[in-house]
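Colleague: A structural model of the following input is requested.
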Amino acid sequence: MCDEGGPLPAAQILLYPNTDLTLSCPSTRSKATGWGLATDDVAWGAEQWVPDPSRRADPEVSPLHAGDLGGLPPTVVVTAEHDPLRDEGDAYAARPAAANVAVRHRCEAGMVHGFLTLDTLSPAAAAAGERVFADVTDMLGHSR
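Modeller: Residues are numbered from 1 along each chain as shown. Prediction:
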């Protein structure tokens, strides 16, 4: 990650991120079905991307398992209340913040994974999207 010595982006923008391919966080069970994105579908994707289950906790594919997240660029993390990936995204947001990285984190109440694509169907999703875009705009403005 940031210890490889290469240049970093101006900001890290993570929207309902999958940061733990072990799928061990509680929301992968409590929000496993019925909310649009099913945990079984996430597991299938993890199996395709990282076929060897023993590698799924490797920080190179699951940044939640990284030892030190200090030195990352300013970060925006937005999770959704009804998303099997919610808990790992929330946990990830806390990690760089604890390492003194500027982090803006919000869990959007009532939202599902992919809510940004629902803006024409749901005024609540559209409003949540506007908050995301405002956070990103503000973060990029402060990172210059």
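
Colleague: all contacts plus neighbour counts: C-alpha atoms, from now on.
Modeller: Noted.

Colleague: tell me which residues in stretch 14-25 are buried?
Modeller: Going by neighbour count (16 or more other Cα atoms under 10 Å), the buried part of stretch 14-25 is 14, 15, 16, 17, 18, 19, 20, 21, 22, 23, 25.

Colleague: what do you get for stretch 92-106?
Modeller: For stretch 92-106, a neighbour-count test (16+ other Cα under 10 Å) marks 92, 93, 94, 95, 96, 97, 101, 102, 103, 104, 105, 106 as buried.

Colleague: which among those residues gets closest to residue 138?
Modeller: The closest of the buried residues of stretch 92-106 to residue 138 turns out to be residue 104 (Cα to Cα; 10.1 Å).

Colleague: Is that closest one located within a strand, as I assumed?
Modeller: Yes. Assessed with DSSP: H, G, I helix; E, B strand; the rest coil, residue 104 lies in a strand.

Colleague: Was I right to think it contacts residue 75?
Modeller: Yes. Between residue 104 and residue 75 there is a contact under Cα atoms under 8 Å: 6.3 Å.

Colleague: that older thread, now, the most widely separated pair of the buried residues of stretch 92-106?
Modeller: Longest distance between any two of the buried residues of stretch 92-106 is 15.6 Å, between 101 and 106; criterion Cα to Cα.
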